[in-house]
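1. A structural model of the following input is requested.
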Amino acid sequence: MKQGTAALDRIEYILNHPLDVADPSNPIPFVNIRGKVEFRDITFRYEENIALNTINTNVKPGQIVALVGPSGAGKTTFANLILRFFDPIEGKLLIDGIDVRNINQYDLRRNIAYVPQNPILFNDSVRNNIFIGRTDASSLSIEEAAEQAYAHEFIKDLPEGYETPLGEKGSRLSGGQIQRIAIARALIRNAPILILDEATSALDAESEKAVQKALYNLVQNKTVFIIAHRFSTIQLATRILVFDKGRIIADGDHSQLLNDCDLYRRLHNKQDE
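-> All right, here's what the predicted structure looks like:
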């Protein structure tokens, strides 16, 4: 009874917590999204600490953009603004020319797939954990997504296949297997915009190789933002934004930045040591 009461208190706190980001009273329809993302003079701060300072950048539909920089440089805040977890203090964020503040949050987020660094899996079947990515998906499409995520083979070997309960937070799986389930979720969602929060940073070399192959399938024909800590992930990117102290200090491809950006070169060489 005490455990149930504590859980209920926590649920009520979350459900009744004031909204930090409100939906517009007259939202603009958000359909047939191409995936153009534009930051116009965006500044954001956490209390007195500036996280992003006058950010201007334009990402074309289908571009794969890596976000690189030291910890605290603003990469995660940049991605969270796209998801509209909060609004900028100054400036505008536009998707396909529409200010995200004029879009219903449900409509915005169903057009974005997100693969976090530490995915949350539920104590439910493999099938239902993938199904969360798109609740109208068929069993066949779930298995197709798992195949593209290079997860089908290990799922087949589980005691009950796709019906195997995964345990709390996916405790029955390895780190690489958990990431591939999360990638299958994103694949089945098939959203035009994709955010990868360094999906390989905690993996060993063998698991990382399998996840990299799955990521290659995932990023096709999407506007992709990769928060990159490992430079191996940057191989997927066609463009790299280098962040430092809340600003974008360089923008280019890998070879350009190695030649022209001291910070990028230092970060790259540090991982090679």
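
2. from what I can see Ile142 touches Glu163, true?
-> No: the pair Ile142 / Glu163 is not scored as a contact, 11.6 Å apart, by C-beta atoms under 8 Å. C-beta: built from backbone N, CA, C; applies to glycine.

3. Now do the shared contacts for those two.
-> Residues touching both Ile142 and Glu163 (C-beta atoms under 8 Å, 6 or more residues apart in numbering): Arg127.

4. Who has more neighbours out of the two?
-> It is Ile142, of Ile142 and Glu163, that has more neighbours when counted by other C-beta atoms under 10 Å, with 24 against 13.

5. buried ones in the helix or strand where the more buried one lies?
-> Using DSSP states H and E, the element containing Ile142 is helix 139-148. When burial is assessed from 16 or more other C-beta atoms under 10 Å, helix 139-148 yields the following buried residues: Ser141, Ile142, Glu143, Glu144, Ala145, Ala146, Glu147, Gln148.

6. Which of these sits closest to Leu236?
-> Distance to Leu236 across these (C-beta to C-beta) is lowest for Gln148, with 15.1 Å.

7. mind checking how far the helix holding Ile142 is from the chain centre?
-> Distance of helix 139-148 from the chain centroid (C-alpha atoms, centre = their mean, to the nearest Å) equals 20 Å.

8. Neighbours of Ala73, how many?
-> 22.

9. With Gly176 instead?
-> 21.

10. Would you report the backbone torsion angles of it?
-> phi -70, psi -40 (degrees, to the nearest 10).

11. Surely it touches Ser207?
-> Yes: between Gly176 and Ser207 there is a contact under C-beta under 8 Å: 2.7 Å.

12. can you give me the strands for the chain?
-> 37-46, 49-59, 64-68, 90-95, 98-99, 112-115, 193-197, 223-227, 239-244, 247-252 (DSSP state E).

13. Could you export the ones you listed as CSV, including distance to Lys270, mean neighbour count and mean pLDDT?
-> Below are the strands of the chain laid out as CSV (distance: least, C-beta to C-beta, whole Å; neighbours: other C-beta atoms under 10 Å; pLDDT from 0 to 100):
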stretch, distance to Lys270, mean neighbour count, mean pLDDT
strand 37-46, 27, 17, 95
strand 49-59, 23, 17, 94
strand 64-68, 12, 23, 93
strand 90-95, 31, 17, 95
strand 98-99, 39, 16, 95
strand 112-115, 25, 23, 92
strand 193-197, 21, 24, 91
strand 223-227, 17, 25, 92
strand 239-244, 14, 21, 94
strand 247-252, 17, 17, 94
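
14. any idea how far the least confident helix or strand in the chain by mean pLDDT is from the chain center?
-> Lowest by mean pLDDT, DSSP states H and E among the helices and strands of the chain is helix 205-218, with a mean of 76. In terms of C-alpha atoms, centre = their mean, the centre of helix 205-218 is found 16 Å from the chain centre.

15. Report the buried residues of it.
-> Residues of helix 205-218 classed as buried: Ser207, Glu208, Ala210, Val211, Gln212, Ala214, Leu215, Leu218 (neighbour count, 16+ other C-beta under 10 Å).

16. out of these, who's nearest Arg134?
-> When the buried residues of helix 205-218 are ranked by distance to Arg134 (C-beta to C-beta), Leu218 comes first, at 14.0 Å.

17. My understanding was that that closest one contacts Ile183; is that so?
-> Yes: applying C-beta under 8 Å, one finds Leu218 in contact with Ile183, separated by 5.5 Å.

18. tell me, what's touching the two both at once?
-> Val115, Ala149.

19. Rebuild the strands of the chain as a markdown table, extending it with distance to Gln105.
-> Shown next, in a markdown table, are the strands of the chain (distance: least, C-beta to C-beta, whole Å):
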| stretch | distance to Gln105 |
| --- | --- |
| strand 37-46 | 16 |
| strand 49-59 | 20 |
| strand 64-68 | 23 |
| strand 90-95 | 13 |
| strand 98-99 | 13 |
| strand 112-115 | 11 |
| strand 193-197 | 14 |
| strand 223-227 | 18 |
| strand 239-244 | 25 |
| strand 247-252 | 26 |
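
20. Let me know which of those is the nearest to Ala7.
-> Short answer: strand 112-115, nearest of those by C-beta to C-beta, at 25.8 Å.
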